[in-house]
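K.L.:
Quick one, fold the following:
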Amino acid sequence: MDLGKKAGVQIGDSVRVERAGVLLGIAVITQASGSSSAIIAVNPEDMGWQTGDAVVVDVKTTKTVVEVIVPAVDSTGLIKAPMQVFLDSSAYLKRSPSNMRMDADRFAPSFSGYVSARYSDRGGDSSGVHVSTGSIYGQFNILDLGIQHLDASVYLRGSQSAIDNSFQTQLYSIMLNYHRPDSPLSFLLGRMYHPQFSTLGTLDGVGITWRSDRRIMAITGGLESPVSGIATTVQRTKFGILDEEQFKWGTIQLGNVTEMQAGELARNYLILGSTAKVAGNVRFRADGEFDLDLLDQSATQNTVSLTRFRTSINWRPWRSIISNFRYSYRENVIDLLDTSVTEFEQAARHSLNSNVSWMSRSGFSLSGQGSYRTDGDNKHIQIYGLTFHTRNFSPMELSLNAGTMAMLSYLSEGGRVYASAGKQVLPWLDIDVYDEVFFYRILGDTSFRARHLPEISLSAKVPGLQRLRLRTRFEQEDGVTLYRLSLSASRQF
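P.N.:
Model (predicted):
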């Protein structure tokens, strides 16, 4: 919900969810940030809330906590509103005028975030190659950066290899965000990943968002950021505008994006998307891009052509069964400035993925996966898998995972069988043992090859840290054994 610490809410506050004045149920806040919070349904646990429902938060104060007693729920009727609590007016004492002044640190910045560090060492190769790398990454948030409601966030990652002793730093995001809770407008400035424009990637620019109960409108523009480590000769300038209409059954999105390169129009396309909830247990999502070649620049595309399409269906026929189906389509040529590089293929890529999971009340789950990918030119990849997981297995209270997977492609065929067992041996120490056998055959070979991948992991709770983890993994194939040792630590503040 769009209420956070700035509005005075905190973890543990109770929330009444209402629709059209009718109480749907009671929830509780489990996570809270500056301007948003996460809630979980308490009574009833399967509350059917949706976007646009009203919420009323019972905020705990430092002096007293008003306890709201929720009456028993009759499953045959609507939930009744909780009993109102009134204060005795006779206990009121008139207060004298206050001489208090505004504290100098009333709007002092507050910090939050996390940092993680990792060191890895790999060796055992007969050629004597030995590789050691270190990396650190983190995200830092500053609320009320000297000005109320002006927040800042930074997300970066750095790594260093022992081979060349060079330290590389990637700045994924450094962004200012200004949003007043009583205002529909919010502003973004800096290197950002705009939440309404995921297709644009990371931009160095500005974004403006306007929100109401039933509509979200966003405008953004900036220069694309090469944060993936891939050097680009010419960066593109991108502009986008998007409108999202919200309904009781779902949402509809309509937008337009223009990309400029070296002063010329590189690409212009429409964004269409929709989400819908059907029959209570079926959720549907779809989005696509339609390229507009209005200046007849492309030699391979029509004036209007579908260049990308994705859709997914989540179906939960029973509480114990969850199924998901996803399909995606993408043209290989999605650039109006056609060159010998962009015309490498004119076929389309198709991908179909499915997953069905069954969960029991005892903690046992069984999942089946299937995946099919093709580029439209008789090059395809098929993957099929089966996985099971259980907790508190046997009197030793082990956590077990096991699975098998088969892969067929135009280059090779093979499969893998894996299993793992985990146990909390001490209140502060967990041990996980993993083993995998991977077998494959390059097409044209007469026999299969096998690779053995055992692993052991120790995870400890250390004062001052969230987790300290030590992992040791081996790779055995054709009489050669390689090892990889990694040590990682993380802290949240």
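K.L.:
surely Y178 meets Q148?
P.N.:
No - Y178 lies out of contact with Q148 (Cβ atoms under 8 Å); the separation is 9.7 Å. Quick note: C-beta positions are derived from backbone N, CA and C, even for glycine.
K.L.:
Which one's more surrounded, those two?
P.N.:
Higher neighbour count among Y178 and Q148: Y178, with 17 against 12, using other Cβ atoms under 10 Å.
K.L.:
Could you pull up the mean pLDDT of the helix or strand where the more buried one lies?
P.N.:
Y178 is located in strand 167-179, with elements delineated by DSSP states H and E. In this model, strand 167-179 has a mean pLDDT of 85.
K.L.:
Stretch 321-328 now?
P.N.:
For stretch 321-328, the per-residue pLDDT averages 94.
K.L.:
again with stretch 375-383
P.N.:
79.
K.L.:
Now it: buried residues?
P.N.:
For stretch 375-383, the neighbour count (16 or more other Cβ atoms under 10 Å) marks D375, I381, I383 as buried.
K.L.:
surely the first one meets E331?
P.N.:
No - using Cβ under 8 Å as the test, D375 is too far from E331 to be in contact (10.7 Å).
K.L.:
What ranges in the protein fall below the confidence cut-off?
P.N.:
Residue ranges of the chain with pLDDT under 70: 43-46, 59-108, 126-129, 162-166, 227-233, 294-302, 332-348, 376-377, 392-395.
K.L.:
does the residue nearest the centre of it sit in a helix, a strand or a coil?
P.N.:
Taking Cα atoms, centre = their mean, the centroid of the chain lies closest to P195, which sits 11.3 Å from it. Following DSSP: H, G, I helix; E, B strand; the rest coil, P195 is assigned to coil.
K.L.:
all strands of the stretch 201-350 of the chain, in order?
P.N.:
Ranges of strands within the stretch 201-350 of the chain are 203-211, 215-224, 237-246, 250-261, 264-278, 282-292, 304-318, 321-331, 348-359, based on DSSP state E, counting those that start in this stretch.
K.L.:
Please produce CSV containing the ones you listed, extended by mean neighbour count.
P.N.:
Formatted as CSV, these follow (neighbours: other Cβ atoms under 10 Å):
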stretch, mean neighbour count
strand 203-211, 18
strand 215-224, 18
strand 237-246, 19
strand 250-261, 17
strand 264-278, 17
strand 282-292, 17
strand 304-318, 15
strand 321-331, 16
strand 348-359, 16
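K.L.:
and R391, how far is that from Q424?
P.N.:
As judged by Cβ to Cβ, to the nearest Å, R391 and Q424 stand 11 Å apart.
K.L.:
Ok, R441 next?
P.N.:
40 Å.
K.L.:
show me what contacts L429?
P.N.:
Neighbouring residues of L429 by Cβ atoms under 8 Å, 6 or more residues apart in numbering: L458, S459, A460, K461.
K.L.:
A286 now?
P.N.:
By Cβ under 8 Å, 6+ apart, the neighbours of A286 are G273, S274, F309, R310, T311, S312.
K.L.:
Recalculate using a threshold of 7 Å.
P.N.:
When contacts are counted by Cβ atoms under 7 Å, 6 or more residues apart in numbering, A286 is found next to G273, S274, R310, T311.
K.L.:
Same list (these) but as JSON lines, adding distance to H350.
P.N.:
Below are the contacts of A286 laid out as JSON lines (distance: Cβ to Cβ, whole Å):
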{"residue": "G273", "distance to H350": "19"}
{"residue": "S274", "distance to H350": "21"}
{"residue": "R310", "distance to H350": "11"}
{"residue": "T311", "distance to H350": "12"}
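K.L.:
Specify which member of the residues you listed is nearest to S161.
P.N.:
Closest approach to S161 among the contacts of A286 (Cβ to Cβ): R310, at 36.2 Å.
K.L.:
hang on, the earlier thing: minimum distance to M405: which of the strands of the stretch 201-350 of the chain has it?
P.N.:
Of the strands of the stretch 201-350 of the chain, nearest to M405 by Cβ to Cβ is strand 348-359, at 12.9 Å.
K.L.:
hey, C-alpha coordinates of that closest one in PDB?
P.N.:
Extracted C-alpha coordinates of strand 348-359, given in PDB (Å, rounded to 0.1, in the frame of the first residue of the first chain):
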ATOM      1  CA  ALA A 348      11.500 -14.500 -35.100                       C
ATOM      2  CA  ARG A 349      12.300 -16.000 -31.700                       C
ATOM      3  CA  HIS A 350       9.600 -18.000 -29.800                       C
ATOM      4  CA  SER A 351       9.700 -19.200 -26.200                       C
ATOM      5  CA  LEU A 352       7.100 -21.200 -24.300                       C
ATOM      6  CA  ASN A 353       7.500 -22.000 -20.600                       C
ATOM      7  CA  SER A 354       5.200 -23.900 -18.200                       C
ATOM      8  CA  ASN A 355       5.400 -24.800 -14.500                       C
ATOM      9  CA  VAL A 356       2.900 -26.800 -12.400                       C
ATOM     10  CA  SER A 357       3.500 -27.200  -8.600                       C
ATOM     11  CA  TRP A 358       1.600 -29.200  -6.000                       C
ATOM     12  CA  MET A 359       2.100 -28.400  -2.300                       C
END
